[in-house]
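**Student:** Sequence unavailable; structure follows:
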C-alpha cells in the first residue's frame, strides 16, 4: 500500500466519485481507477463496487479509508517533526577533533556557540590514521580531520568536506640555535641537523621526507613523538629541531623556542571538516560548522605575521 493510494481512497469516500477525485487532485479519472485497482490487489479484498455507473466503497474500503486518513495524518505529523528537527537551532551536536585541533579550537568554539545561544556541544578527540577519518562521521555530526595538500581526496561517497584552512609547517628551533637569526629556512640549511618528528605515516614525518629529498640527504631522526606539545618541549630542552603546524600547535611554545618558515616548500596540511549530508541538513549542525569556520579564520588571521 502506498500513501498516495490511501489518499485516493479517502478522497473517493469523501467526494463520492472518481471524476470528482480526479478533478480535485488534477489527475485523470483513469489514473485514479488504476491506482485504486492496485491498492485493491495489494489489500487482497474488494475495496470498491459499482452502483450503476458510480464507483463506491465497500465496508472494507470505508474501514481502510478511515485508517488511511489516520496514516496520512501521522505522516504529515512525522514530516512536520522532521522539519522542526532540521530547522531547530538548538539541540545537541557531537564533534570529534584530532588532538591539536581540539586543544586549540574547542575552547574558542564553546565560547562562541554559548554566547550566541547555540546548540549543546558534545566534544571528543579521535586522532586516527588519515584514511580512517571519514568513518568517524558515522559516530559524530562533525569531524575535524587533517590531510596533506598533495594527498588523495577523502575516499567516501557519503562524506561532505569543508576545508577550514591550509596550514603550513614551521621549523621549531631550540634556544640559541644559529639558524634562529635567519628570517626563513631552506631545505639545504637543515642538512645534518638532528630532529624530533612524528612516527612514519603522519604529517611531520612525511614533510621531513620532502625536506630531505630537496636537501639531498637523509634526516637524522632522534625522537619520534606524535604529540606536538611534547615535540616542542623536546626542542626546548635539547639541540634537536622539530616541525610544528603553524595554527594548531604554536599557541603556547616553551620559552626560547623560535619558529621559522620554510622556503621552497608548498606542502600544507589541510584542516577539513567532515560530515554526513544528513547531519549537515540540520540547522544546529550548520550553526556549529559556521562557528568553527569563524574560529579557524580568526586563528589564521592572528598567526598571519609568520607568513
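**Tutor:** Received it, and whenever you're ready, just let me know what you need. Just so it is clear, the structure is predicted and the values come from calculations on it, not from any experiment. Numbering: from 1, shown residues only.
**Student:** helix or strand right after the helix or strand bottoming out on mean pLDDT in the chain?
**Tutor:** Ranked by mean pLDDT, DSSP states H and E, the helix or strand of the chain with the weakest confidence is helix 59-87, at a mean of 85. Scanning forward in sequence from helix 59-87 by DSSP states H and E, the next helix or strand is strand 92-97.
**Student:** tell me the mean pLDDT for that following strand?
**Tutor:** In this model, strand 92-97 carries a mean pLDDT of 97.
**Student:** And the contacts of it?
**Tutor:** The set of residues that contact strand 92-97 without belonging to it, under Cβ atoms under 8 Å, 6 or more residues apart in numbering, is 105-106, 109, 119-126, 136, 139-144, 282, 284-285, 288. Using the backbone N, CA and C atoms, a C-beta is placed for each residue, glycine as well.
**Student:** filter those residues to the buried ones?
**Tutor:** Neighbour-count burial (16 or more other Cβ atoms under 10 Å) applied to the contacts of strand 92-97 gives 105-106, 109, 119, 121, 126, 136, 140-144, 282, 284-285, 288.
**Student:** Tell me which of the residues you listed fall in strands.
**Tutor:** Residues from the buried ones among the contacts of strand 92-97 lying in strands, with DSSP state E as the criterion: 121, 142-144.
**Student:** ok, those residues vs residue 161, which is closest?
**Tutor:** Closest approach between these and residue 161, by Cβ to Cβ: residue 143, at 10.1 Å.
**Student:** wouldn't the closest one be in contact with residue 275 here?
**Tutor:** Yes. With contacts defined as Cβ atoms under 8 Å, residue 143 counts as touching residue 275 at a distance of 6.9 Å.
**Student:** Common neighbours of those two, please.
**Tutor:** Counting by Cβ under 8 Å, 6+ apart, the residues touching both residue 143 and residue 275 are residue 137.
**Student:** bridging residues for residue 143?
**Tutor:** Listed by DSSP bridges, the beta-bridge partners for residue 143 are residue 96, residue 274.
**Student:** quick one: the helices in this protein?
**Tutor:** Counting by DSSP state H, the chain forms helices over residues 3-15, 18-25, 29-43, 59-87, 99-115, 203-215, 228-236, 277-280, 283-302, given from the N-terminal end onward.
**Student:** any idea which of those helices scores lowest on pLDDT?
**Tutor:** Set side by side, the helices of the chain show their lowest mean pLDDT on helix 59-87, which sits at a mean of 85.
**Student:** So which bits of that one are buried?
**Tutor:** 61, 64-65, 68-69.
**Student:** Go through those residues and say which is closest to residue 200.
**Tutor:** Distance to residue 200, by Cβ to Cβ, is smallest for residue 68 among those, at 63.1 Å.
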